[in-house]
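S.K.: Prediction below, plus the sequence it came from.
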Protein chains: 2
Amino acid sequence: MASDRAPVGRRSTRQRLAVLDALAEVDDFRSAQELHEYLRGKGDAVGLTTVYRTLAALAEADEVDVILREDGESIYRRCSGSHHHHLVCRECGRTVEVAGPTVETWAAAVGREHGFTDIRHTVELIGLCRDCSTPATS
Amino acid sequence: MASDRAPVGRRSTRQRLAVLDALAEVDDFRSAQELHEYLRGKGDAVGLTTVYRTLAALAEADEVDVILREDGESIYRRCSGSHHHHLVCRECGRTVEVAGPTVETWAAAVGREHGFTDIRHTVELIGLCRDCSTPATS
DNA sequence: CCTGTATTGACATTCATTTTCAATAAGACG
DNA sequence: CGTCTTATTGAAAATGAATGTCAATACAGG
Ligand SMILES: [Zn+2]
Ligand SMILES: [Zn+2]
Ligand SMILES: [Zn+2]
Ligand SMILES: [Zn+2]
């Protein structure tokens, strides 16, 4: 069944399944280090190197989203196939996926206007979710 | 004249002027390491630590723009005060500043729609400029 | 000039990510 | 099943950006 899920010369190993499981369980952005730690906690340990390699492969295959945190560390998340952006709460990390036809159009227009082609873009939104923006300390 | 250019307790040193000069000369995004190398080449050497410190201070004071390159390294550029985004050529690095009222509006709307407040955003465009998109090897 | 304090920079340190490479396991074939 | 080929793993070392340390130095005011 999973005919095109396993590119030629790609084997199915305990480690890869473990990383995929972890990504499914914590449906949220996590760094490679964090996932490695999480797996270790579950008793389902996977070498850090392998976590990095697996995530890189998944990102390459567009099976996960990668964004750069402000401190430069990459964080990964299992991701719906189609193109979209993220609205992330800077307090609790809650993430909402957002489709942005508006931005896509804008990006293309701006590029054309300046003679640029093959435009790609990075768009991330950061804010405070409803829960986290309450005045606090009741 | 430059009354508010030098915050209280900030001295004017050869090193700081050198970094500012460098930023003025290469009117383009450069990493701290690259600027350090550039200054060393000009014979106007400045310690790497100082380059980092100076850039951080300038960024803090909104005198330079900072963006995260895809490899996670921070790159800096002398910057016009008002808020804007960048359209960068992935080949030659040519940069165009772009004002994006469209995106600002979209970002605010999306945030509101999901109950988020205090929205900030990251928007960068990457493409090929006219020169670099020619079929090549003429 | 003198002096107090901000600043500098060589060096050490941290920490994410990558590289190395010998040991291991997946999967094909008989 | 065994066997063999090759992808995969992971511990340890290497890389490289960024930050911390701290004694030496230079700015600026008096
Ligand atoms: Zn929140
Ligand atoms: Zn988009
Ligand atoms: Zn903007
Ligand atoms: Zn170009």
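M.R.: Yep, that arrived. Ligands and ions are numbered 1, 2, ... in the order given.

S.K.: mind listing what the lengthiest strand in chain A pairs with, with the direction of each?
M.R.: In terms of residue count, the longest strand belonging to chain A (DSSP state E) is strand A:117-128. Strand A:117-128 sits in its sheet next to strand A:85-89 (parallel), strand B:117-128 (antiparallel), going by DSSP bridges.

S.K.: Name all residues that make contact with A:Ala59.
M.R.: A:Asp65, A:Val66, A:Tyr76 (Cβ atoms under 8 Å, 6 or more residues apart in numbering or on different chains). (C-beta placed from N, C-alpha, C; glycine too.)

S.K.: likewise A:Leu48?
M.R.: Contacts of A:Leu48 (Cβ under 8 Å, 6+ apart): A:Ala32, A:Gln33, A:His36.

S.K.: which of the residues you listed lies closest to B:His85?
M.R.: The closest of these to B:His85 turns out to be A:Ala32 (Cβ to Cβ; 28.7 Å).

S.K.: rewinding a little: ok, which of the strands paired with strand A:117-128 comes nearest B:Ala108?
M.R.: B:Ala108 sits nearest to strand B:117-128 of all the strands paired with strand A:117-128, at 6.1 Å, using Cβ to Cβ.

S.K.: Which positions in the closest one come out as buried?
M.R.: For strand B:117-128, a neighbour-count test (16 or more other Cβ atoms under 10 Å in any protein chain shown) marks B:Ile119, B:His121, B:Thr122, B:Val123, B:Glu124, B:Leu125, B:Ile126, B:Gly127, B:Leu128 as buried.

S.K.: Next: stretch A:84-92.
M.R.: Of the residues in stretch A:84-92, A:His85, A:His86, A:Leu87, A:Val88, A:Cys89, A:Arg90 count as buried by neighbour count, 16+ other Cβ under 10 Å.

S.K.: What residues are bridge-paired with the first one?
M.R.: Going back to what we said before, that points to A:His85. Beta-bridge partners, per DSSP bridges, of A:His85: A:Val98.

S.K.: Grab the nearest non-local neighbour of A:Asp65.
M.R.: Distances taken as Cβ to Cβ, 6 or more residues apart in numbering or on different chains place A:Cys79 nearest to A:Asp65, at 3.9 Å, with adjacent residues excluded.
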